[in-house]
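[1] fold the stuff below for me.
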Amino acid sequence: MRHLRLLAFLLLFTLFCSCQTQPTSTLDTTADTSASARLTVCQNGKSDFRIVLPENSSKEAENAAKELYLKFQSAFGLILPIVNDTASETPTEILIGNTSRTPDTVLTNDEILIQVKNDKIILVAGNDAALSEAVSLLWEQLTVDGNNATLPADLCLQKQSTQKDTETKSMTLKIATYNIANGRDVNYDYSVLAQDILTSGASIVGLQEVDQRTNRNGNRDTMAQLSRFTGWEYYYFVPTISPYQGGEYGIGLLSKYPILDTSFQYLPKSDENEEQRAVLCATVNVDGVELHCFVTHSQQVSITQQLTAISQLAVKKAPYAVLGDFNYQNFSLFHSVFLNATLANDDGNRLETTKNGQAFDNMIFSKNITMNGVSLIQTNHSDHHLLVAEITVSK
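    Purely as a prediction, here's the structure:
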């Protein structure tokens, strides 16, 4: 009898223990399942991901990779490496285009596919010209919480692209140049200057006399504020005087379209006591058409040397647009330096772009850009007016 009682006790004890441990196992499984429902792309401003391109990638694929790189850099301060598929494979990668590790996918010429598979993020298109659109679509799928970003772990989105074949593509847009006089005439309220830009209808604007976090502008980040007030996320600033008033002073480019490549070059000067001038260089992706933009604020005394230096950079790129306050209005010099180019401000259509009647502000367009019209937005928000042109850019 004692043996039977002991056996019964052991059976009850075993049953009791199994009942206590089972819920713990169930909770752990639920937690794992919940975690696997999202793929962590960025955590606390850090990421293990890198961008992978095919070994012989197209220009469109490279531009899409640069666009995604800049989005992560702007949003999280991240530097995601860009490599090609000959590099050793890592667990977490963003595959752009038909890399050697992209799963075989059958797509029509106007389809794009975004997919998460085995901790890989896959962006592929029937036509590489649509990869830029795939990048934008991927960005829309991200859930962002501060410095954290995740994607659905089962993401699989296939859709028709709005991007057409760009072999003979052309784009019509408005482009402008604006010397903002550091913002002093609007008491450094950059929302006013942003509204000038939006009113002009321009999508790209070159800026001169830009203060960045100076004492006189109240330590404001001018380019970031103009970006916020226009709703355009792409911008680039080049300091020509640094340090200056506790910050920097120079030129900038603000764009509604993605800026892909950026650089700058200091311009020659006749005398070492002259203020240093520079030219900003940026490639802008205008819906699949690359427009090479140059922004400058040149010096009259060294104008010939400075225009020559800019032209030597610009002629290597096409199509190009040079946007500037040149402090010069002898238009024949522009034509002699920039052969076969079109001027927005010219003898046949002289526009007084400053309040004191000078025609210093101008835009120079390469021969594969058609200028459809030019106008002046007159404001009291600077000692310069905003010069805007409608252009058609052919690839």
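[2] what's the domain layout of the chain?
    40-160, 170-394 (automatic domain parsing).
[3] now render those domains as JSON lines, adding mean neighbour count and mean pLDDT.
    Every C-beta, even on glycine, is put in place using the N, C-alpha and C of the backbone. Converted to JSON lines, those look like this (neighbours: other Cβ atoms under 10 Å; pLDDT from 0 to 100):
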{"stretch": "domain 40-160", "mean neighbour count": "17", "mean pLDDT": "93"}
{"stretch": "domain 170-394", "mean neighbour count": "19", "mean pLDDT": "96"}
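[4] all strands of the stretch 101-250 of the chain, in order?
    In chain order, the stretch 101-250 of the chain shows strands spanning 111-117, 120-125, 143-145, 148-152, 156-160, 170-179, 204-212, 234-244, 247-255, with DSSP state E, counting those that start in this stretch as the criterion.
[5] who does residue 289 bridge with?
    According to DSSP bridges, the partner residues bridging residue 289 are residue 286.
[6] please identify which of the strands of the stretch 101-250 of the chain is closest to residue 333.
    Ranking the strands of the stretch 101-250 of the chain by distance to residue 333, with Cβ to Cβ as the measure, places strand 170-179 first at 17.8 Å.
[7] that closest one - contacts with which helices or strands?
    helix 190-200, strand 204-212, strand 289-297, strand 320-325, strand 361-365, strand 386-394 (3 or more Cβ pairs under 8 Å, 6 or more residues apart in numbering; DSSP states H and E).
[8] orientation of that strand relative to strand 361-365 in degrees?
    160 degrees (axes from the mean of the first three to the mean of the last three Cα atoms, to 10 degrees).
[9] and strand 170-179, how far from the chain's centre?
    For strand 170-179, the gap between its own C-alpha mean and the chain's C-alpha mean amounts to 16 Å (Cα atoms, centre = their mean, to the nearest Å).
[10] partner strands of the helix or strand residue 260 falls within, parallel or antiparallel?
    Here residue 260 sits within strand 259-266, counting by DSSP states H and E. Strand pairing for strand 259-266, using DSSP bridges, gives strand 278-286 (antiparallel).
[11] who's in contact with the partner strand?
    The list of residues contacting strand 278-286 from outside it, by Cβ atoms under 8 Å, 6 or more residues apart in numbering, reads 63, 67, 132, 171, 173, 203-204, 206, 234, 236, 238, 240, 250-253, 255, 257-267, 290-296, 309-310, 313, 317, 393.
[12] how about residue 381: what's its closest non-neighbour residue?
    Residue nearest to residue 381 in three dimensions, not counting chain neighbours: residue 186, with 5.0 Å by Cβ to Cβ, 6 or more residues apart in numbering.
[13] quick check: which of the strands of the stretch 101-250 of the chain is nearest to residue 273?
    Taking Cβ to Cβ as the criterion, strand 234-244 is the member of these that comes nearest to residue 273, at 13.4 Å.
[14] where along the stretch 1-150 of the chain do the helices fall?
    Remark: helices of the stretch 1-150 of the chain, listed N- to C-terminal, are 2-36, 59-76, 131-141; assignment by DSSP state H, counting those that start in this stretch.
[15] now do the shortest one: which elements does it pack against?
    Spelled out, it's helix 131-141. In this structure, helix 131-141 makes packing contacts with helix 59-76, strand 93-96, strand 111-117, strand 120-125, strand 156-160, judged by 3+ Cβ pairs under 8 Å, 6+ apart.
[16] please repeat the previous calculation with a cut-off of 7 Å.
    Identification of packing neighbours for helix 131-141 by 3 or more Cβ pairs under 7 Å, 6 or more residues apart in numbering; DSSP states H and E yields helix 59-76, strand 111-117, strand 120-125.
[17] what does that helix contact?
    With contacts defined as Cβ atoms under 7 Å, 6 or more residues apart in numbering, helix 131-141 is touched by 60-61, 63-64, 67-68, 71, 96-97, 112, 114, 123, 125, 151, 155, 157, 161-163, 285, 288.
[18] try it again at 8 Å.
    Among residues not part of helix 131-141, those counted as contacts by Cβ under 8 Å, 6+ apart are 60-61, 63-64, 67-68, 71, 96-97, 112-114, 121, 123-125, 151-152, 155, 157, 159, 161-163, 258, 285, 287-288.
[19] same check, this time on the second one
    Contacts made with helix 59-76 from outside it, assessed by Cβ under 8 Å, 6+ apart, are listed as 42, 45, 47, 51, 53-54, 57, 78-80, 82, 94, 96-97, 123, 128-129, 131-132, 134-135, 138-139, 144, 147, 149, 166, 233-234, 258-261, 285, 288, 290.
[20] wait, which of the helices and strands packed on strand 170-179 is closest to residue 227?
    Put simply, out of these the one that sits nearest residue 227 is helix 190-200, at 8.6 Å, with distance taken as Cβ to Cβ.
[21] show me how far that closest one is from its chain's centre.
    Relative to the centre of its chain, helix 190-200 is centred 20 Å away, using Cα atoms, centre = their mean.
[22] just the angle for that helix relative to strand 247-255, thanks.
    Using the same axes, to 10 degrees, the direction of helix 190-200 lies 30 degrees away from that of strand 247-255.
[23] let me see the contact set for the nearest residue to residue 386 once chain neighbours are set aside.
    The shortest distance from residue 386 to any non-neighbouring residue, by Cβ to Cβ, 6+ apart, is to residue 377 (4.0 Å). Applying Cβ under 8 Å, 6+ apart to residue 377 gives the contacts 176, 196, 199-200, 385-388.
[24] quick one: the spatially closest residue to residue 255 that is not a sequence neighbour and residue 367, what's the gap?
    Excluding its sequence neighbours, the residue lying closest to residue 255 (Cβ to Cβ, 6+ apart) is residue 234, at 4.3 Å. When Cβ to Cβ, to the nearest Å is the yardstick, residue 234 and residue 367 sit 26 Å from each other.
[25] and residue 219, by the same measure?
    Distance of residue 219 to residue 367, given as Cβ to Cβ: 44 Å.
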